[in-house]
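Trainee: Here's a sequence, model it:
(chains A and B)
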2 protein chains.
Amino acid sequence: MTSSSVAPVGLGEIGSFDHECDVLVVGFGAAGAAAAYEAAAAGADVIVLERASGAGGSSAQSGGELYLGGGTSVQKACGFEDTPEDMYAFLEAALGPHADTEKLRLYAEGSVEHFEWFVARGVEFKPTLFTGHAWMPFTDDGLMWLGEGAWPYNTLAKPAPRGHRPAAPGFAGNVLMRELEKAVTAAGAATHTDTVAANLVLDGDRVAGLVARKFGKPVTYRARKAVIVTTGGFVDNEEMLADHAPALLGLGKVSDGLDDGSGIRMASAIGAATRRMGVVEISMTALPALVARGMLVNGRGQRFVNEDVYPGIYSTHAILEEPGPYWGIIDEEGFEDIPPGDLWQVQPKYVTETLAELEESLGMLPGSLEHTVEVYNRHAENGEDPHFHKDARWLRPLKSPFAAVDPRDGFFGSGAGKGSGAAGFTLGGLHTTVDGEVLDVSGEHIPGLYAAGRASSGMHGEGYISGTSLGDGTFFGRRAGKAAAREE
Amino acid sequence: MTSSSVAPVGLGEIGSFDHECDVLVVGFGAAGAAAAYEAAAAGADVIVLERASGAGGSSAQSGGELYLGGGTSVQKACGFEDTPEDMYAFLEAALGPHADTEKLRLYAEGSVEHFEWFVARGVEFKPTLFTGHAWMPFTDDGLMWLGEGAWPYNTLAKPAPRGHRPAAPGFAGNVLMRELEKAVTAAGAATHTDTVAANLVLDGDRVAGLVARKFGKPVTYRARKAVIVTTGGFVDNEEMLADHAPALLGLGKVSDGLDDGSGIRMASAIGAATRRMGVVEISMTALPALVARGMLVNGRGQRFVNEDVYPGIYSTHAILEEPGPYWGIIDEEGFEDIPPGDLWQVQPKYVTETLAELEESLGMLPGSLEHTVEVYNRHAENGEDPHFHKDARWLRPLKSPFAAVDPRDGFFGSGAGKGSGAAGFTLGGLHTTVDGEVLDVSGEHIPGLYAAGRASSGMHGEGYISGTSLGDGTFFGRRAGKAAAREE
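Mentor: I've put the predicted structure just below:
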């Protein structure tokens, strides 16, 4: 995808607009839906632009997890106590270092209300807990753990599961988006599909509308109050990746294929500030249930993390900081202990009687993996993991026969992530206030311009947990929608 | 340092300008000097703005190394053959991954000519090689190694030393800048000191000048041809670090204290694109001569690099990717082998008879450092380092008594880098063509706007070698100055 011009257009250059509204929302993923709903509910005349032929975006293709807590009805029904303080403390560490504490504080404090907002919009969450250890359950349980019980987070906050899932097995993002789309329409917002935003319209310093293209022809929109940019991240734009997040070059893309950063570019063209453009989330196809029962090692045969953390954390850590290739190491007993539903058809690449043979198969130096396993076993015997603090329930000395699993083989024999064994998306974007106001590089609000979702830099520092992107996109999308509707 | 407004000013808002010129260079460090010289030499009427009371900037406070090669007269006099191809191959790897190959190619091919340009400007380089292994020699030798002979670079290119140093012991940046300042003045450029650039002046889409402040009062400059931004990086701007390069928060700053990103912000305010804003260079006060003879380990007692690479590489790797604290480990024989001139008054923090005692002093798990040293010694015995490939001349089994050196103690007992033991600067900045033209986010040149030096993203990917910042700043500064002088 190559760059196209995103230079702004002056209001005077447009004779009459094809469409007018109060609030123009650009992009109909979860953030756009939340913004459009609240703006329309506040009485604004709202149009939502979507470049695809229907609502959904990357949100609809996601797992649908929403990171929510502080004492939701689902948490209570499953027998968990939780507080905004514990939720905040967990997220500050897990999304850090350098999480946005102001956004995070609001998010934790508003989380129960935000959960209820989804319920009121028709999103169903079953009050049952998924007890496996997986990227995503293939059950319709409404609640799951996302590493809250793992070290060091369990020393910072009382653990509680906060992964809230719409009632659907597997990928539930489409269920979430179906309900949000209905709510947006019911609130009175109009949706214009097959319409690609191209350039912001400026009235002096104020954003006053937008030029879009529909089937190649220009369509102009006047936004009397504001434009809200919810166009997603930029993982699908190779140029932007090279410029800002080269770590993702060559990896798979977690997106609907349309996350090309167009909104970030349109806003930057009028002097909007960006933030943390290099921060990325990476998922390796390294099976959580397997590496927790065994170990995850780098290309030197060394462990580097407690394997029971949220798998995005070990994935991002591995790809950004450890030498590859990465291997899941397990023994027969551990492999057979994996619940079939959590196995995702993963198979060992090598099985050997001795670690020396395994080292040879993996191209590791003699003694390297042997030493790692020796240290691991010696302490696991006592239920301890002094370097990395994996929880005792996963600790057991590994014994022959041993197996190595290659994340590059992917899940479900699909070759998902084949080649790199990892896929990612971007977390950096436009610099916004807690009300979604886009700041310019002088730190001033750009009048009439808002952003939310992955087109903006959200609560995240350099870490990520499932459900915090749909979560902060909708939470701050709602705030942006309300604030935009209040504009004069 | 807090944000100030960098919003552009319209040409019409300025009645008459206080000063007029063809080319206005903003910042009198090495990049600004190179740009100003070439613009003036091409016949342009040039003014250089400098916010301090004299020329120099961070360049004058630097070591003064210039990364040059391909067969300079100094290299030849010292008995080294070199080619642009070998220089390119080394830099592509050492400044990578993701080095800018187009800029790098020009730089390597133009390097001998660039060296001669410095000589013609009066910069003296002694044709002698510094044979120690240090961050910087305290001799006046004109040539030094910067890791060219270390693995894996020695497998990619024929090694040759390319660190060219002006004839001065220790920090030689002031010598370099003294000659460049003289050359700029001799070429006819005027210098306005104590003058801080504040806002670009726009004539439609074209940069037409600049509003500055001198002792608090506005001073306006009309630039008939172009403004060249050479204001340096942003390590001194805490807000920008938090937004773009949080890894440097809390570390020392390699700068003159004025690298506040003002030029990057002024240009971004008119829609200029930035590139690689998160990329940083970090220097640890871990003594090269010591860790090469012993080892550098992370907080788990593990090695992670061949310690004979350019020390910026092990420093940046350590701080960004390895768990701290970091320790230089050596034995008595190794310590006593360090030439006094390369010791920089570094002293062991702990000396013990056994590695078990050392592990206890360092708070490492029993057996961890012992294992690292056992593996190291076993292979060093055979002159091998199979994991990391340190050169055989540094390899020797370490034996009791052992010592640990803490980088946080700094060099020369000065507590330099105390606390963090590391200092850094930023490598990201404005997105420029090879002629210094600043690109907007649509990929178009912004008419009348150029940049060079650390206000721009240069040849660097995610790596760094001494002398590549003064090197690319002056090389592409010269190209920017020539191109700006050609503007209509």
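Trainee: Compute the first-to-last residue distance for stretch A:50-70.
Mentor: 33 Å (CA to CA, to the nearest Å).
Trainee: Give the buried residues for that stretch.
Mentor: A:50-52, A:55-70 (16 or more other CB atoms under 10 Å in any protein chain shown). Backbone N, C-alpha and C define where each C-beta goes, glycine included.
Trainee: Tell me the residue of the stretch 51-200 of chain A that sits nearest chain B?
Mentor: residue A:98 (4.3 Å; CB to the nearest CB).
Trainee: Likewise for chain A?
Mentor: residue A:278 (3.5 Å).
Trainee: isn't that residue right next to residue A:243, touching?
Mentor: No: at 9.7 Å, residue A:278 and residue A:243 do not qualify as touching, with contact defined as CB atoms under 8 Å.
Trainee: okay, and the common contacts of these two?
Mentor: Common contacts of residue A:278 and residue A:243, defined by CB atoms under 8 Å, 6 or more residues apart in numbering or on different chains, comprise residue B:276.
Trainee: Looking at the buried residues of stretch A:50-70, which are in helices?
Mentor: A:57-60 (DSSP state H).
Trainee: among those, which are in reach of chain B?
Mentor: Residues of those in contact with chain B (CB under 8 Å from any CB of the partner chain): none.
Trainee: can you tell me which two in these are farthest apart?
Mentor: Taking CB to CB, the two most distant members of these are A:58 and A:60; they sit 7.4 Å apart.
Trainee: Find residues that contact each of the two.
Mentor: With contacts taken as CB under 8 Å, 6+ apart, the residues that reach both residue A:58 and residue A:60 are A:29, A:256.
Trainee: I figured residue A:364 was touching residue A:323, is that so?
Mentor: No: in terms of CB under 8 Å, residue A:364 does not count as a neighbour of residue A:323; the distance is 11.2 Å.
Trainee: Quick check: bridge partners of residue A:211?
Mentor: Beta-bridge pairing for residue A:211 (DSSP bridges): residue A:199, residue A:220.
Trainee: who's in contact with it?
Mentor: Contacts of residue A:211 were listed using CB under 8 Å, 6+ apart, and they are A:9, A:14, A:197-199, A:201, A:218-221.
Trainee: swap the cut-off to 7 Å and go again
Mentor: Residues counted as contacts of residue A:211 (CB atoms under 7 Å, 6 or more residues apart in numbering or on different chains) are A:9, A:198-199, A:201, A:218, A:220.
Trainee: And for residue A:138?
Mentor: So residue A:138 contacts A:169-170, A:341 (CB under 7 Å, 6+ apart).
Trainee: can we see that at 6 Å?
Mentor: With contacts defined as CB atoms under 6 Å, 6 or more residues apart in numbering or on different chains, residue A:138 is in contact with A:169-170.
Trainee: Give me the three-state assignment for it.
Mentor: Assigned with DSSP: H, G, I helix; E, B strand; the rest coil, residue A:138 falls in the coil class.
Trainee: neighbours around residue A:339, how many?
Mentor: The tally of other residues near residue A:339 (other CB atoms under 10 Å in any protein chain shown) stands at 11.
Trainee: so where is chain A shaky, pLDDT-wise?
Mentor: A:1-3, A:415-418 (pLDDT under 70).
Trainee: just to revisit the earlier point, among residue A:364 and residue A:323, which residue is more densely surrounded?
Mentor: residue A:364 (25 against 14).
Trainee: tell me the secondary structure for the more buried one?
Mentor: With three-state DSSP as the basis, residue A:364 sits in coil.
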